[in-house]
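A.B. asks: here's my sequence, what's the structure:
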Amino acid sequence: MLVRYRINYLLYVFFFMVFYLLSQNGFWIVDEANKILPTISSKIYKTWSFRILYKGSYLDKEGEFFPFRGPFAYRENKTEYRTVHSPVYSFMLYASNKLFGSFGFYLWGFISGFLILYLFSKISQTIWDASTQPKEMLLLLFFFCIPYFFYCLVLWEHIISVVFFLAALFFYIKKRTELCYLFLSINVFFRTELLLFVILFAIFERIKDIKAILVIILVMLAWLAMNYFVYGSLLGAHFEANMGLSKVFSGNLVNIIIEKARVYHGLLFQASNNILLSIFFGIAWLTCAFMIRFKERNEFLAIYTAIHIVFFAISIFDNDPANSTLKSASLFHHSPIFFLLIFRKDYSAYKTWLYAALSFILIFGLISPLNGGMQWGARFLLPFYSLAGILIWNSIRDLFNKGLRRCVYLLCLLSVSYQLLGLHTLYYKKKATAEILDYAKKADSIIVSNIWWYPFYLIPLYAEKDIFYCSNPKKLFGFLLHMEDSGIKEFTFTLFSDEFFLIEKIMERLPIKEKERITIRSYRMDFIKVTQIRYSLEPFTANLREQLAISAWEESYREELFEAALWYNEKLRNMLPESPVYHYHAYLTYKKLSNSKEALRELLKAVELDPNNYKLRLELSEIKSKL
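C.D. replies: Numbers count the residues shown, from 1 in each chain. The predicted model follows:
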C-alpha cells in the first residue's frame, strides 16, 4: 500500500513539474493556436462570440489578406469569419481564460491528465485482484510509455476525448450500459470522427438496452442542433473542411490506392523523413509480428527491438525534429511497447472494443485525407491508446514467464525515451514560437507575412495588432495604396530568411524604406528561420500611385515572359543573368511543365550557387527522396 501511494505521489509531482515548465508560452502547431482565436476575438467584441472579427477589413474589404486561412476558418460575411473547431472546446477555453488568464488555456489538459490517471487506476483495480499486483507498474507503463503527457501540454481536445473514452470503458466493465454510451457519445462534441466509433461500437455490441439507445439519440440530437445553430450544417464545419481535402472520391483508382496507403502508413507505421526507411519500418513490424504470432518464433522480438533502437537513434540526431514529425509520427513508431499486443492470446473480454477500434481505423483511413500532421504518436487514435494499455498487461506477464524480460524492459525504456524526446521537442517548438511572438510585440501595428503559418502564432496579439497574410509579395503594390489612403505610415513584413533573395528586387521597387531588420533563428527548429523587417512608407505622389498600378501588371507579365523564355527560346534564356534566383525560377518552371529532369538540374545549380540556403536544400532532399 505504501509503495502504491509513493508511486502515485511521484506521478503527480512529476506531472505537475513538466506541466508547469511547458504549458505557459508558445504553441506546438497552428491548429492549436487557432483554437484560442474565438477567445481573443471575444476580447474585441467585449463578450463571447463564435464569430471572428476581421480587424483588417478596413484595408482589405475583399478578405484577400485574411490571416487565418482555410481549412482552419471560413468567411461568413464581409467582416466576420468562423473557425472550424469544436465550439464546445472553444467556449471551455474562453471560460477558463476568463477565470485564470493565460494559464486557463492549459487548465483542461492539466485536469484531463489527472482524470486519466485516476480512471485508469480505478479500471486496473476493478479488472485485477490484489494477488496479481499489476496496478502500480501498469500505471507507470500507461502514462510514461504513451504520449499522454505530450497531449496534456498542448491545446488539442483529443486528450479530453481520452477522459470520456476511459469513463465509458470503466462503466462498461461495471455493466452500466447507459452511462457507457453517454460518455462515448459525448466525445462527438470534441472530435467529430468519434461518431464513427460510437456507431461501430453499438453495432458490434448489438445494443438492445432502451435507455442506452435513448441516451445516444438525445446526445446526437443535441450535437446536431449545436452544429446547425453555430455553423448552419448538421455535421459541422470541421467535418466539411476535412472532407473537402479528401481524395477518396477523386482521381483514378491507382491514385486513390496510393493516397489511402499513405494515410494508413501515416497512422500506423511512418517512422522517418526518408520514405524508404519508413516503408522498411512498416515491413519489419509486420514481418516480426507475423513470425511471432503465427510461427511462434519469439526471437523476432529481439530483432524488432534492435530495429527500433536504430530508429530511435535516427530520431535523436534529427536537426529538425518538430518538422520531421510530419513524416515520422505514428502509432507504433512513438510507442514501441504496443508491439507486445501481438503476444496476447485472449481478447474476448474486450472484443467489442477491439473490433470497433480496428474497424474505426480501417474506415477512418478510407475517408480521411489526413494522418495527423505535426503530432507525437497518432493523435486521431489517441483514445485507443488507453485500450491498448489495458490489453498489454497480460502480454507483459506472459513474456516475463517465457524469459523475454530483457526485451520487454528495452521496449519499455524505448517507449519512455520517445516520450521524453517528445517533451524535449515540444519544449523547443514552444520556445521558438514564443520568440516569434515576443519579436512581433515590438513590431508595428500592421504586420504582413507571406508565411502561411506565421499569423497563427501571433493570435495572442490579434486584439492589439492588425495581421495580414500576403501569399505573393507582388500583391503588396495594391495593398500599399490602401495603406496610404488610410493614413498608415509604417508596417512590418515577415518572411522566410532564405526567401528574401526571391523578393528583394520587388521590395526595392516599392515606395518603402527599411527601418529595422531582425532574423529569428531557433535551436533544433531549422524550418523556423524568419526575418522580420520594419518599413516606413515614403510620401505618395500621383505619378507614384500610377507607377504602383503599372508595376503590378508588369510583374505578372514578367513571370509569363520568364516561362516563355525558358521553354521556347533557348537563346533568350541564355541571355538572362545566372543567379540562385534565376535557377530557382527555372526549377519552378520546369516543374510546372512536368520536366522533372531539367527541374532537378536547375535546382542543383541553385543549391550550388547558394549552398547554405535551407529552403533550396530542403526541396532538393525531398526530390531526391522520391527518386
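A.B. asks: report the contact partners of Val188.
C.D. replies: Taking CB atoms under 8 Å, 6 or more residues apart in numbering as the definition of contact, the neighbours of Val188 are Leu194, Leu195, Val198, Val219, Met220, Trp223. All C-beta atoms are positioned from the backbone trio N, CA, C, and that covers glycine.
A.B. asks: rerun that using 6 Å as the cut-off
C.D. replies: For Val188, the set of contacting residues under the criterion of CB atoms under 6 Å, 6 or more residues apart in numbering consists of Leu194, Leu195, Trp223.
A.B. asks: for it, give its distance to Tyr181.
C.D. replies: Distance of Val188 to Tyr181, given as CB to CB, to the nearest Å: 12 Å.
A.B. asks: what's the answer for Met507, then?
C.D. replies: Plainly put, Met507 is 60 Å away from Tyr181 if you go by CB to CB.
A.B. asks: next one: Lys43
C.D. replies: Separation of Lys43 from Tyr181 (CB to CB): 38 Å.
A.B. asks: cool, and Phe201?
C.D. replies: Taken as CB to CB, the spacing of Phe201 relative to Tyr181 amounts to 8 Å.
A.B. asks: what do you get for Trp452?
C.D. replies: According to CB to CB, Trp452 stands 41 Å off from Tyr181.
A.B. asks: and the two? Which one has more around it.
C.D. replies: A count of neighbours by other CB atoms under 10 Å puts Tyr181 above the other of Trp452 and Tyr181, at 26 against 13.
A.B. asks: show me what counts as buried in stretch 346-365.
C.D. replies: Tyr350, Thr352, Trp353, Leu354, Tyr355, Ala356, Ala357, Ser359, Phe360, Ile361, Phe364, Gly365 (16 or more other CB atoms under 10 Å).
A.B. asks: can you pull out the low-pLDDT segments for the stretch 401-550 of the chain?
C.D. replies: With pLDDT under 70 as the threshold, the stretch 401-550 of the chain has low-confidence stretches at 474, 542-550.
A.B. asks: strands of that one, start to end?
C.D. replies: Defined through DSSP state E, counting those that start in this stretch, the strands belonging to the stretch 401-550 of the chain, from first to last, are 446-449, 466-469, 490-496, 512-521, 529-537.
A.B. asks: what distance separates stretch 436-446 from the centre of its chain?
C.D. replies: Here the centre of mass of C-alpha atoms in stretch 436-446, compared against the chain's by CA atoms, centre = their mean, to the nearest Å, lies 24 Å away.
A.B. asks: same deal with stretch 424-437?
C.D. replies: Averaging C-alpha coordinates over stretch 424-437 and over its chain gives two centres that are 15 Å apart (CA atoms, centre = their mean).
A.B. asks: can you check stretch 402-411 too?
C.D. replies: The chain centroid and the centroid of stretch 402-411 are separated by 33 Å under CA atoms, centre = their mean.
A.B. asks: which residues sit against it?
C.D. replies: If you take CB under 6 Å, 6+ apart as the criterion, stretch 402-411 is touched by Leu301, Ala302, Thr305, Pro336, Ile337, Ile396, Leu399.
A.B. asks: mind listing what's buried in it?
C.D. replies: With burial defined by 16+ other CB under 10 Å, the residues of stretch 402-411 counted as buried are Leu404, Cys407, Val408, Leu410, Leu411.
A.B. asks: look up how far Leu341 lies from the first one.
C.D. replies: Spatial separation of Leu404 from Leu341 under the definition CB to CB is 15 Å.
A.B. asks: quick one: contacts for Leu179?
C.D. replies: Under the contact definition (CB under 6 Å, 6+ apart), the residues listed for Leu179 are Phe171.
A.B. asks: and Arg75, how many neighbours?
C.D. replies: A total of 15 residues lie near Arg75 under the criterion other CB under 10 Å.
A.B. asks: mind listing the residues bridging to it?
C.D. replies: Taking DSSP bridges as the rule, Arg75 bridges to Tyr81.
A.B. asks: and the gap between it and Ile488?
C.D. replies: Distance of Arg75 to Ile488, computed by CB to CB: 23 Å.
A.B. asks: repeat that for His482.
C.D. replies: His482 sits 9 Å away from Ile488, taking CB to CB as the criterion.
A.B. asks: what about Ser233, which helix or strand?
C.D. replies: When secondary structure is defined using DSSP states H and E, no element contains Ser233, which sits outside every helix and strand.
A.B. asks: backbone dihedrals for it, please?
C.D. replies: Taking degrees, to the nearest 10, you get phi -140, psi 150 for the backbone angles of Ser233.
A.B. asks: quick one, grab the pLDDT at it.
C.D. replies: Reading off the per-residue confidence, Ser233 sits at a pLDDT of 80.
A.B. asks: now do it: how many residues are near it, please.
C.D. replies: 12.
A.B. asks: what about it, distance to Asn34?
C.D. replies: 19 Å.
A.B. asks: can you check Trp285 too?
C.D. replies: Computed with CB to CB, the distance linking Trp285 and Asn34 is 34 Å.
A.B. asks: and stretch 197-212, how far from the chain's centre?
C.D. replies: Centroid separation between stretch 197-212 and its chain, computed with CA atoms, centre = their mean, is 32 Å.
A.B. asks: which stretches of the stretch 351-500 of the chain form helices?
C.D. replies: Taking DSSP state H, counting those that start in this stretch to define them, one finds helices in the stretch 351-500 of the chain at 351-367, 382-401, 405-441, 454-457, 476-485, 500-508.
A.B. asks: with distance to Ser112 added, can I get these in TSV?
C.D. replies: Compiled in TSV, the helices of the stretch 351-500 of the chain are given as follows (distance: least, CB to CB, whole Å):
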stretch	distance to Ser112
helix 351-367	20
helix 382-401	11
helix 405-441	16
helix 454-457	23
helix 476-485	43
helix 500-508	42
